[in-house]
Every structure is written in C-alpha cells, then in structure tokens.
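Enquirer: below are the sequence and a predicted model for it; my questions follow.
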There are 2 protein chains.
Amino acid sequence: MIKKDCMIGIVGLGGMGNWHRETIESIDGLKVAGIYDIKESRVTFAKECGVDTYNSLEELLGDERIDLVLVATPNDMHKPIAIQAMRAGKNVVSEKPVTLSSSDLQEMINVSEETGMFFTVHQNRRWDEDYLTMKKIFDEKLLGEVFRIESRVHGSRGIPGDWRQEKEKGGGMVLDWGVHLLDQILQMMGKTKLKTVYATVTNITNQVVDDGFTAHLVFDSGVEVLVEVGTSNFISLPRWYMLGQDGTAIIEDWKLTGRIVRATGLNEADVVPVRTAAGLTKTMAPRRDDTIKTEELPIVKSDIRDFYRNVMSVIQNSEEPKIKLPEVMRVMKLMEAIFESSNNQEVIKFE
Amino acid sequence: MIKKDCMIGIVGLGGMGNWHRETIESIDGLKVAGIYDIKESRVTFAKECGVDTYNSLEELLGDERIDLVLVATPNDMHKPIAIQAMRAGKNVVSEKPVTLSSSDLQEMINVSEETGMFFTVHQNRRWDEDYLTMKKIFDEKLLGEVFRIESRVHGSRGIPGDWRQEKEKGGGMVLDWGVHLLDQILQMMGKTKLKTVYATVTNITNQVVDDGFTAHLVFDSGVEVLVEVGTSNFISLPRWYMLGQDGTAIIEDWKLTGRIVRATGLNEADVVPVRTAAGLTKTMAPRRDDTIKTEELPIVKSDIRDFYRNVMSVIQNSEEPKIKLPEVMRVMKLMEAIFESSNNQEVIKFE
C-alpha cells in the first residue's frame, strides 16, 4: 500500500505562514494543499510560488483532501479558525500564542475533545539550538547544581508595525516572545513546580501593548529564573546565562557564541584586589587564569521538521504529541500571572 | 595663624583600615595620630609602617590631639565603638555598613545629636568613576529618558573567609556590597521616591550569611532598577547597563570598558530576519550598522580624598556633609526591605 501524503491547508500566508510553507515542502510525506489569506497581495504571492489558493476559509475547510489546517493568522483569529476547522473534521496546528487567554484556550481544548480532532501549537523554539544546548547543560549537571538561569531576547526596533501593535489582536511582547521563553524554561524545569512569579511589563514605545517585560520565577527546587524581553535595547545582554555551583555558562547571541567557565579547584592564595578610584575589592576581583578553565559549549543540533514529523505520527496514532495541551495551558496561565503581577505590583503564588 | 592638622585615630587596621591610613597620609591637613587593633599582627604591621599604636581603645580615645576617629572594625563593632568615641568627644567616620539594623543606626544618630559630634559613614563608592559616569549619563539625559538601570557586581570566590562569614558580625553580601550599590542608585535617583522592592537573597556557598542577592526597585518616576551581587559567577555580566528611550549605555568592567549606542534616526526599510534552527525573527535581529552609532563613555574622573576633605570642612563648620545620615538610614531601611521581601516572598511598598 502506498502511504498517502498528509495534506495541509494554510490559513494566513504572512511571514510565518510562508516559513511553514517552505518547511512543509521540505518534509517527505507532507504536502501543502493550498492556502487562504484575506490579503490579495499574499494570494498573488502564493500563486507566484505555484501554490493553490482558496477563495474562502469555508472552501479550504471543504477540501476533503486536507488532513491538517495550519493557522498562522493574527493571534485573535487562532481560536475561531481552529474551532471552525476542528468542527469541519480537520486536525489543527495553531501558531503561537495559541490564543489570548486561558479561558479561550480551554474552549479550544473542549472542541478538540468533542470532535476527536488533534490540536497542537507550533512552539517551534523548543527546537532552537541555543535552548537545547542550555537544556543539555542543565540536565547533565555540567555546572553542578544550577541555581540561576537568565533567558533574554533584546532588540531595538520596538514592536513590529503591524497587528502586533493592537491589543485586541493579541499584540505585545509577552504573547509574542514571552510565550517562547517561558515555554522553554518550563520544559527545562520538567516536573518542578513554579512557586512564585514577580514581573514588570514595559510600555516604552507605546501605551497600547507591552513592548517588553521582566519576569522572576522561583521554582520549588530553589532555582531562580529571570526571563526578559526588551525591544528598546541598543546593546543586547547575552541570550542565556546559567549559574551552577561549579561553573557558569553563557550564550551571547543567535550564532551561539558562548562558553562554559568553571573552577579548576586550584585555590588562589594571594588574591590581588581590584583597586578602583574609590576603594579596593578582593571579592569581586577577576580570577587568576590558572584557577579557572574555559570550555566550549556542548552544542545540540536540531531539525525543526521534527515538529511536523511528530504531528503526522500523532495523526496516524503512532506517537505522543511533542507539544501537549496541558503544557500550552501552563504557559498561558503563566503569561496571565505576569500581567497580574505587573498590574498589581505583587508576587503571584503560581503552583 | 597656622592651621593645625586634623588628627585621626584609626580603630581597626585591616585591609580597609590600612587603605584609609594610606589615603589619609596623602591628604594635606590630615594626619594619622595612631592606630588601635586587637590583633597583634596588625600592631606589628603598624609599627613597621612607622605608625604610632595605642594599647587600648580607651587610650586612643583619651588622646586629646585626636579630632576624628575612623572605625574600620568588623561591622558589629561599628556601633559600640562609634558611640564610645562620640561620648569621648570625638567626631566619627564609620566604615560601611554603618551597622546591622536601622534601630542600631538610630541609636548612633541619637548619640551624635546628644553629643554634638559629627558622625558620618565612608560610602566611598560614591566616588567610583563607573558610578559617576553612569550618573552623568542619567543626569544629562544622554540616552533620553532612562527607563531601566542594571547595576551588578559579580565575583566567583564566594564571600571572604573571615568575619564576613559570620551573621552576628554583620557578614553577607547585602551589607558588604549591597550597601554600596543601593546607595549609588538612591543617589542617582535623587529625590524620587522608591515605590516597591522585590528581592531574592542567595545561599549558594553557605547557609549562614547571604552570598548574593537580586533586588528589583521601582521608582515613582517609572524607572526600574535591578541591583545584583553574585559571588558564584565564573563569567561576569556587565557592571552597568542603562536603557533610555534613545539609546543604551554599558560599562563592562572595573576598567570602565564600555560604550553608548544610539539610533541614528535612519529607518531600516528592509530588516533582514535572523534565522535560527527553529524560526525567524525581525524584532530581535541585529541592527544594520548605519542605523546606529557608537560613542565613547563620558568618563567622569574623581578623587576619593574629597571624602576626607569634606569631613575636615564639616568639622570646621564650613561645608555640608557629603554623606548625610538620613541617606545612610534610607539605605539601611532598603537593605532591611530586601531581607523582608526575600524571606516573605512579597513585594515591599517602600516609600
């Protein structure tokens, strides 16, 4: 028996929708049936790419060849389109953030259970190699017991000048980038409960949607995590910074420039104090070179196409989903806790 | 009339006590009368340096030539010695932290008022050039309106292996380094009220005294400040990081390596997204070189001897003190708020 290709209908062919199209076309067994977009310019672009187009969402959902619908629209449209697609008998992949609130997400989960359709979210940055490398360092205790992790993305362009500036469309950086960084951290911490959340949200470039945030998470294991997104940062702090009892790891940038530094065990009998204009310090003096050693990062490679390969396997009932809905719900509730903490200036007891 | 030298008695000739001795000897009009130390080795050292020594604190305080007593003992002894010295008719400079609690400090202030003796604290790092440079950038709005400041010191040696490891002697990094960094920030913010404090304190290297902390301060003006001390950090994050609406400033290290980066005003019509293993981002893509410009830091020079010159002038009634007791009290209360926030996992409403 020849196995038939899994056919995908794409709703929304913006930047990410097109990234999905290209990715899907590079995976064996997966095929784009066609796209639907409300913008004429994107329909024209699709035709130029030789991709079939539908004249309406209903026409796309009526195509019996389609097994899976990818929703890559502005964030507020994920829910109605995903629900409509599941009710039409389609499995659904939604772009992130899955929707704007945990109660909206619960509605989507309910429809998935009612209809028996598979529904998942494209938390693609679980495949980012910077994250996977830091997760390996954490899991394998390459720094000993880790006590602090800092995960940041810094840009200087403010938020993009499209629907991402509109609150009701699900704009803002907590939903846009926070959803990735928070999901990564919760994955890294595994089953450890998140005890408390303290966060501040910024409105530097506009007063409508948040253009950044700082969230301080304290886990039951004692690990503290700082998650930060900034869009008015003309100098970027490192993407990752991890402190363990035996050493420190850093990833500076998207190119995975970074290193691990740990103590050699050699003591420094005679610490030379740092003398500043106003005093001296031994505690904060740099180390003598022979008391530390620098190592390369244990870079982990990944293939983002494994996301879709997993989705295909789940549809064929042969695998567990890699992105599970309770995980997505936990991140959604964490984003709500961040806004609550920032609005009320209080520490939220999370779990 | 020949103006007589201001004579100083030093109590405690440890690392900082000796730093004071050297500093005092380089200032016209100021002279070390002698020292008192409970350690025989330090007395021997003093004699080797040609410095007079006293056999007891009482003998030092009984020396009528002495105008000013410097207290550079372990932190828990600042209070009894300072009080004894003021009651003996001496003006007093105490090393920082002035004492272990705000109620202890209030006792010291009361004795200063009762006796009419001048009493101040050696908040020497107000003269650190890294701080003064960042303060200039802030005051002169060289980044436009500043919205976030991060001030960190990172070392990797844990806390020093002396009395600084003992809680009852006033050990721990909040009191040791926090007192400087918090004082600097409160000075930089001027009369702006500090609304809220959220902090976590670490015990990585021992369970007795804190070996680091992270404090998040939100000021009435909206400026957010992160103050952090770490002693298990094998890679140091930058000493200073300041974000304004028009640009970012950084000071990397004690050598004042750093820069200012700001937008040129040129827009980037075609942002090239960063492509990672798992996706793409325009928001967080590095800037094209022609849309930003990098400038040197406006380094501010300082002379720590101005601290003692001011103390002399205050004693002669010709100047206001540079380090005022209400400022010292505010920092002490802030350190107490940091412990309270960390212990109770809550946001403290400060002012």
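Expert: Arrived safely, thanks for sending.
Enquirer: when you work out contacts or count neighbours from here on, use the C-alpha atoms and nothing else.
Expert: OK.
Enquirer: show me the residue sitting in the middle of chain A in space.
Expert: A:His180 (1.7 Å; Cα atoms, centre = their mean).
Enquirer: for it, what are phi and psi?
Expert: In terms of degrees, to the nearest 10, the main-chain angles of A:His180 are phi -80, psi -50.
Enquirer: how much space separates the closest residue to it other than its chain neighbours from A:Trp19?
Expert: Nearest residue to A:His180, sequence neighbours excluded (Cα to Cα, 6 or more residues apart in numbering or on different chains): A:Arg125, at 6.1 Å. According to Cα to Cα, to the nearest Å, A:Arg125 stands 14 Å off from A:Trp19.
Enquirer: so who does the residue nearest to A:His180 touch?
Expert: If you count contacts by Cα atoms under 8 Å, 6 or more residues apart in numbering or on different chains, A:Arg125 has them with A:Tyr131, A:His180, A:Gln184, B:Ala278, B:Gly279.
Enquirer: for the first one, which non-adjacent residue is closest in space?
Expert: Counting by Cα to Cα, 6+ apart, A:Tyr131 lies nearest to A:Gln184, which is 7.1 Å off, once chain neighbours are set aside.
Enquirer: for the residue of the stretch 51-200 of chain A found nearest chain B, give me its contacts.
Expert: Nearest to chain B in the stretch 51-200 of chain A, going by Cα to the nearest Cα, is A:Gly155, at a distance of 4.3 Å. Contacts for A:Gly155 (Cα under 8 Å, 6+ apart) come out as A:Gly230, A:Thr231, A:Ser232, A:Asn233, A:Phe234, A:Ser236, B:Thr283, B:Met284, B:Ala285, B:Pro286.
Enquirer: ok, the second one touching A:Ser156?
Expert: Yes - using Cα atoms under 8 Å, A:Thr231 is in contact with A:Ser156, at 4.7 Å.
Enquirer: who touches both of the two?
Expert: By Cα under 8 Å, 6+ apart, A:Thr231 and A:Ser156 have these common neighbours: B:Thr283, B:Met284.
Enquirer: and the closest residue to chain B within the stretch 251-351 of chain A, what does it touch?
Expert: Across the stretch 251-351 of chain A, the shortest distance to chain B (Cα to the nearest Cα) belongs to A:Met284, at 4.3 Å. Residues in contact with A:Met284 (Cα under 8 Å, 6+ apart) are A:Val274, B:Val153, B:His154, B:Gly155, B:Ser156, B:Arg157, B:Thr231.
Enquirer: circling back: mind checking which of the contacts of A:Gly155 are buried?
Expert: A:Gly230, A:Thr231, A:Ser232, A:Asn233, A:Phe234, A:Ser236, B:Thr283, B:Met284, B:Ala285, B:Pro286 (16 or more other Cα atoms under 10 Å in any protein chain shown).
Enquirer: CSV for those, including pLDDT?
Expert: Below are these laid out as CSV (pLDDT from 0 to 100):
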residue, pLDDT
A:Gly230, 97
A:Thr231, 95
A:Ser232, 94
A:Asn233, 96
A:Phe234, 95
A:Ser236, 96
B:Thr283, 85
B:Met284, 84
B:Ala285, 84
B:Pro286, 82
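Enquirer: mind listing the helices for chain A?
Expert: Using DSSP state H, the helices of chain A run over A:15-25, A:40-48, A:57-61, A:78-87, A:102-115, A:129-139, A:173, A:179-189, A:305-315, A:325-344.
Enquirer: by contact count, what packs against the fourth one?
Expert: Right, the one you point to is helix A:78-87. Judged by 3 or more Cα pairs under 8 Å, 6 or more residues apart in numbering or on different chains; DSSP states H and E, helix A:78-87 is in contact with strand A:68-71, strand A:91-94, helix A:102-115.
Enquirer: ranking those by burial, who's on top?
Expert: Greatest average neighbour count among the helices and strands packed on helix A:78-87 goes to strand A:68-71 (a mean of 27), per mean count of other Cα atoms under 10 Å in any protein chain shown.
Enquirer: partner strands of that one, with direction?
Expert: Using DSSP bridges, strand A:68-71 pairs in its sheet with strand A:6-11 (parallel), strand A:91-94 (parallel).
Enquirer: export the ones you listed as TSV, with columns for distance to A:Gly222 and mean pLDDT.
Expert: Below are the strands paired with strand A:68-71 laid out as TSV (distance: least, Cα to Cα, whole Å; pLDDT from 0 to 100):
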stretch	distance to A:Gly222	mean pLDDT
strand A:6-11	43	97
strand A:91-94	34	98
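Enquirer: now tabulate the ones you listed in JSON lines and tack on distance to B:Glu327.
Expert: Output for the strands paired with strand A:68-71, formatted as JSON lines (distance: least, Cα to Cα, whole Å):
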{"stretch": "strand A:6-11", "distance to B:Glu327": "61"}
{"stretch": "strand A:91-94", "distance to B:Glu327": "55"}
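Enquirer: got the phi/psi numbers for A:Gln345?
Expert: Backbone torsions for A:Gln345, taken as degrees, to the nearest 10, come to phi 50, psi 60.
Enquirer: quick one: contacts for the nearest residue to it once chain neighbours are set aside?
Expert: In this structure, A:Gln345 finds its nearest non-sequential neighbour in B:Val347, 7.0 Å apart by Cα to Cα, 6+ apart. Going by Cα under 8 Å, 6+ apart, B:Val347 touches A:Gln345, A:Glu346, A:Val347, B:Thr196, B:Val197, B:Tyr198, B:Ala199, B:Ser341.
Enquirer: now do the same contact list for A:Arg259.
Expert: Contacts of A:Arg259 (Cα under 8 Å, 6+ apart): A:Ala249, A:Ile250, A:Ile251, A:Thr294, A:Glu295, A:Glu296, A:Leu297.
Enquirer: got the residues of the stretch 51-200 of chain A near chain B?
Expert: A:124-129, A:147, A:153-160, A:196, A:198 (Cα under 8 Å from any Cα of the partner chain).
Enquirer: mark which of these are buried, thanks.
Expert: Buried members of those, counted by 16+ other Cα under 10 Å: A:124-129, A:147, A:153-159, A:196, A:198.
Enquirer: I'd like the distance between the residue lying closest to A:Asp210 once chain neighbours are set aside and B:Glu145.
Expert: Excluding the flanking residues, the one nearest A:Asp210 by Cα to Cα, 6+ apart is A:Gly172, at 4.8 Å. According to Cα to Cα, A:Gly172 stands 22 Å off from B:Glu145.
Enquirer: which one of these two is surrounded by more residues?
Expert: Higher neighbour count among A:Gly172 and B:Glu145: A:Gly172, with 24 against 17, using other Cα atoms under 10 Å in any protein chain shown.
Enquirer: how close does that one get to B:Val51?
Expert: Remark: distance between A:Gly172 and B:Val51 (Cα to Cα) = 65 Å.
Enquirer: next one: A:Pro321
Expert: Distance from A:Pro321 to B:Val51, counting by Cα to Cα: 77 Å.
Enquirer: now swap in A:Ser112 and tell me
Expert: Counting by Cα to Cα, the gap from A:Ser112 to B:Val51 is 84 Å.
Enquirer: now swap in A:Glu327 and tell me
Expert: 69 Å.
Enquirer: could you do A:Val274 as well?
Expert: Relative to B:Val51, A:Val274 is positioned 25 Å away (Cα to Cα).
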